[in-house]
Structures are given as structure tokens and as C-alpha cells.
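> here's my sequence, what's the structure:
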Amino acid sequence: MKKSLVFFILLALGAAARLAALPPHFKAAVIPEHLLPGEPVSVAIAGAGGVNLRLSLVNAQGRLAKAVFWTLFPRVFVEGNIVQAALLTVPSTVKPGNAALRIENGDAVIKEFAITISDRKFVSEEIALNEWNTELRAVPSSLKTQQANRLWAILSRAGRDVYTVSAFAPPVPADTRRTGFFGDRRVYRYSDGTTDSAIHAGIDYGVPTGTTVRACADGKVALAEYREATGNSVVIEHLPGVYSIYYHMSKLAVKEGTVVQKGRVLGESGATGLATGPHLHWEIRVAGENTDPDICSARPIFDRDALLAKLGG
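Numbering: from 1, shown residues only. Here you go, the predicted structure:
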């Protein structure tokens, strides 16, 4: 019997065994129920109780992603029970097959939902770096380490503010030429002939230096600074654990702490940091995970009304 089938059977048996332990007024809604690698999923629950609720994505290999639940503000109730929500993303490296979303309270599993992760193909490419870019990418730097740690501290933080529930808009015109795609499997060829590999976390737009860069959605600027690896960079918080990122700009037009609206000018594109030419790198993170910006532009990451409708609220 295949390992994935064994996992699916055990998953079903485990869920059935725990059914009696569910809170009496528990309800849950999941959007969407069929997922692609790189796709975000949102879950809303009512009547779960508990103060340490977590959403986990698991398959036969173990936990793939996790996120914390947060309370909607202003507060929403369904049949007298407060509504909470959580969002996470299927990592782009996950193989297709059976998986499950778990609602957890500490070490206890409250509810499991069987889901399907579909297959997805990504572009492979090789990028040659000159001596300067090779040194910038390959040579350790205490400043790069400090900046990376600060960025990760921001991206792994889940606040409580909801600034938008609408779909995102590309930061430059949607028909702009792309020089890199989400999930690209990249091989960097260094100037000395050695190589290194990486997965591209966002979309690269091939725009000339000085092109206006706009906020993809309402939010709060969590970072606006020059970074060694990514040049002039902006990070915006949109929802708990949801951030948009803009790299390699020539100029910045916002400061940290500023609340911005969709379309607000953030700066101008450029080629600062590790860049082989002028472009804008646009990236979305959900609970720390790289998320496909095209999916976030096609539908809301967190469709509040649709989730509440499924809950019966």
C-alpha cells in the first residue's frame, strides 16, 4: 500500500476518533479546498474555544506550514460564538497528493480537513553573475546577516491588524514584461565557475530605472531601508502574517510606520543590491512562506465575506 494512501486512511480514522471531542457549537470554513504549491489558504472558525489556536498544513512527510489564529476586528459572532481566522501558504516545494489542514489547540487537534495539493511545474533558469554580484551573494557579511535577521523577524510576526480584504494589484502595470516568475528554480553561476541554487520567491518586472512603484494593497510600512542584498527595499503589512515586498528600487518615497492605501507611491524602480539589470522584484509572504503574487491578484488572500457566508454568519 502506498505511503500516501496509508497516511490518508490514518488521517480519516484519526479525525473520526476525535469527532466526539469537538466543541458543541464548532463551525469552520476553508477557502479554497483544492490547492496549488504557492497558493494561500484561509480558514475561519467559530466556537473552537482556546487561546493558543494554530492552523497547520500536514502530509505524510510531516508539518509543511503553520500559522496562528487571530480574532476579527471589529469582532464578528456566529450563533453567539466569536469568529477567528488564520492564513497560510502551501510551500512551492510540496509534492502533489493528499494533505490535511489541522486546527490545533496546543498539542491537541480540534479538527482536520482533508485537502488535495495539485501538481505544478516551475521554470528552470541559469543566471550568470559578474564578480561584484558573485561577491555580494556568496561572501558572508555581518551586515547582511543583521539585515536578514531583522527582515525575518518582521515576516514571521503575526499582528492583529487587518488593513485590506481585497485582491492585490501589481505594483507596476499588469502587462509589464517579466524577467522572472514565482517559483523559478534558479542556478546562479558565479564568476569563478562555481554554482549555487535557489528558488525565486516572487515576480521580477523588467521596468527601466525610475518607474513608479505602487503599494499593491492597503497596509502599514513595516520596513523601508537600503539592504545590501536587495537594495532599496519596502515591506508592507496587510493582514496578520501577510506582507508584500518590493526590492531593488532606486528611490524610496515612504517611511516605516506609515499607513498606505492601495496605489500609494512607494518609490521608483532601479537596480540596487544584487541585480543584473533594472527591474522590480515583487514578493508576497503569508505566515513567512513565499506566496504566488498572481494568485493574490486574482482573488483576495482573505475573503472575509465568503468565509462568513460558509460559516453561516
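> neighbours of residue 83, how many?
Residues lying near residue 83 (other Cβ atoms under 10 Å) number 23. (Each C-beta comes from the backbone N, C-alpha and C, glycine too.)
> in a helix, it, correct?
No - counting by DSSP: H, G, I helix; E, B strand; the rest coil, residue 83 is located in no helix; its state is strand.
> gap between it and residue 26?
According to Cβ to Cβ, to the nearest Å, residue 83 stands 12 Å off from residue 26.
> same thing with residue 234?
Here the distance between residue 234 and residue 26 works out to 40 Å (Cβ to Cβ).
> which residue ranges of the stretch 151-300 of the chain form helices?
Here the stretch 151-300 of the chain has its helices, by DSSP state H, counting those that start in this stretch, at 293-298.
> mutual contacts of residue 83 and residue 26, please.
Counting by Cβ atoms under 8 Å, 6 or more residues apart in numbering, the shared contacts of residue 83 and residue 26 are 45, 46.
> what ranges does the stretch 1-150 of the chain have for its strands?
Using DSSP state E, counting those that start in this stretch, the strands of the stretch 1-150 of the chain run over 27-31, 34-35, 40-46, 53-59, 62-68, 70-71, 77-78, 81-89, 97-105, 108-117, 124-128.
> I'd like the average pLDDT over the first one.
Just to be clear, that refers to strand 27-31. Here strand 27-31 scores 94 as its mean pLDDT.
> quick one: distance of it to the chain centre.
19 Å (Cα atoms, centre = their mean, to the nearest Å).
> just checking, what packs against that strand?
Identification of packing neighbours for strand 27-31 by 3 or more Cβ pairs under 8 Å, 6 or more residues apart in numbering; DSSP states H and E yields strand 40-46, strand 108-117, helix 304-311.
> for residue 223, give its distance to residue 307.
To residue 307, residue 223 is 29 Å away according to Cβ to Cβ.
> so if I had to pick from residue 234 and residue 26, which one is more boxed in?
Comparing residue 234 with residue 26 by other Cβ under 10 Å, the one with more neighbours is residue 234, at 25 against 15.
> residues contacting the more buried one?
Residues in contact with residue 234 (Cβ under 8 Å, 6+ apart) are 213, 221, 223, 224, 245, 246, 249, 252, 254, 266, 267.
> burial count for the last one?
Residue 267 is flanked by 22 other residues according to other Cβ under 10 Å.
> my guess is it meets residue 232, correct?
Yes - when contacts are counted by Cβ atoms under 8 Å, residue 267 is listed as touching residue 232 (6.4 Å).
> list residues touching both of these two?
Listed as contacting both residue 267 and residue 232 by Cβ under 8 Å, 6+ apart are 249, 250, 251, 252.
> now, of those residues, which are buried?
The neighbour-count criterion (16 or more other Cβ atoms under 10 Å) marks 249, 250, 252 among the shared contacts of residue 267 and residue 232 as buried.
> pLDDT weak spots in the chain?
Residue ranges of the chain with pLDDT under 70: 1-24, 50, 313.
> where do the domain boundaries of it fall?
Domains of the chain are assigned by automatic domain parsing as 3-120, 124-297.
> which of residue 223 and residue 307 has more neighbours?
Taking neighbours as other Cβ under 10 Å, residue 223 and residue 307 compare with residue 307 leading, 24 against 18.
> name the nearest residue to residue 210, ignoring sequence neighbours.
Ranked by Cβ to Cβ, 6 or more residues apart in numbering and with sequence neighbours excluded, the top spatial neighbour of residue 210 is residue 268, at 5.0 Å.
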